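[1] give the three-dimensional model of this entry:
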Amino acid sequence: MVQPALQANAGHRVILSWKASAPRNSKHEAAIGYCIYRSKKDRDSSPELLNSIPFSGTSCADDWVEIDSRYTYEVRAISARGIASDPSNLVHVAIPHSPPRNPTASISSVLLCREPAPAK
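    Numbers count the residues shown, from 1 in each chain. Model prediction:
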């Protein structure tokens with residue numbers, strides 16, 4: 001499940017988090033990471049991929065959002081062979097028209113979705 005939260009740090013950011021993929025079994029392979037997709041259209045058949053390298057963590061921040069815009073996010077687990085899982089549930093986020101209330105708020109502990117998470 002992908003869960004959004006809006007936070008600010010010199011602009012709006014969308015914080016996404018999700019549960020780790022289930023371990024490998026007879027029906028699917030183990031996930032080596034996750035691909036995060038974003039769209040400005042509901043039910044978009046070709047959403048934008050935010051990260052070019054599978055993200056190994058289970059939360060990240062999207063800071064490439066525009067004020068007064070709506071986004072839909074989904075996450076897919078990726079196997080070592082590059083096979084993507086079915087998409088997660090869709091999450092809809094509306095970015096306010098107004099600037100962030102606390103532009104100095106820090107979320108430095110959350111990596112950006114477009115950057116790979118450090119190896120564990």
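
[2] now do the buried residues in the one helix or strand residue 34 maps to.
    Assessed by DSSP states H and E, residue 34 sits inside strand 31-39. For strand 31-39, a neighbour-count test (16 or more other Cβ atoms under 10 Å) marks 31, 33-39 as buried. (C-beta placed from N, C-alpha, C; glycine too.)

[3] helices or strands up against it?
    strand 48-49, strand 59-62, strand 70-79 (3 or more Cβ pairs under 8 Å, 6 or more residues apart in numbering; DSSP states H and E).

[4] mind putting the ones you listed in TSV, mean neighbour count, mean pLDDT and distance to residue 27 included?
    Shown next, in TSV, are the helices and strands packed on strand 31-39 (neighbours: other Cβ atoms under 10 Å; pLDDT from 0 to 100; distance: least, Cβ to Cβ, whole Å):
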stretch	mean neighbour count	mean pLDDT	distance to residue 27
strand 48-49	12	94	25
strand 59-62	22	92	26
strand 70-79	20	94	12
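
[5] could you dump these to a markdown table with distance to residue 115?
    Listed next are these as a markdown table, based on distance: least, Cβ to Cβ, whole Å:
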| stretch | distance to residue 115 |
| --- | --- |
| strand 48-49 | 14 |
| strand 59-62 | 8 |
| strand 70-79 | 15 |
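
[6] closest to residue 18 out of those?
    strand 70-79 (5.1 Å; Cβ to Cβ).

[7] so after that closest one, what's the next helix or strand?
    Counting by DSSP H and E, what follows strand 70-79 is strand 91-94.

[8] which helices and strands does that next one pack with?
    strand 3-8, strand 70-79.

[9] with just CA atoms, put that strand into CSV.
    What follows is strand 91-94, C-alpha atoms only, in CSV (Å, rounded to 0.1, in the frame of the first residue of the first chain):
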residue,chain,number,x,y,z
VAL,A,91,-2.8,7.2,-4.5
HIS,A,92,-4.1,10.6,-5.5
VAL,A,93,-2.4,13.7,-4.1
ALA,A,94,-3.4,17.4,-4.6
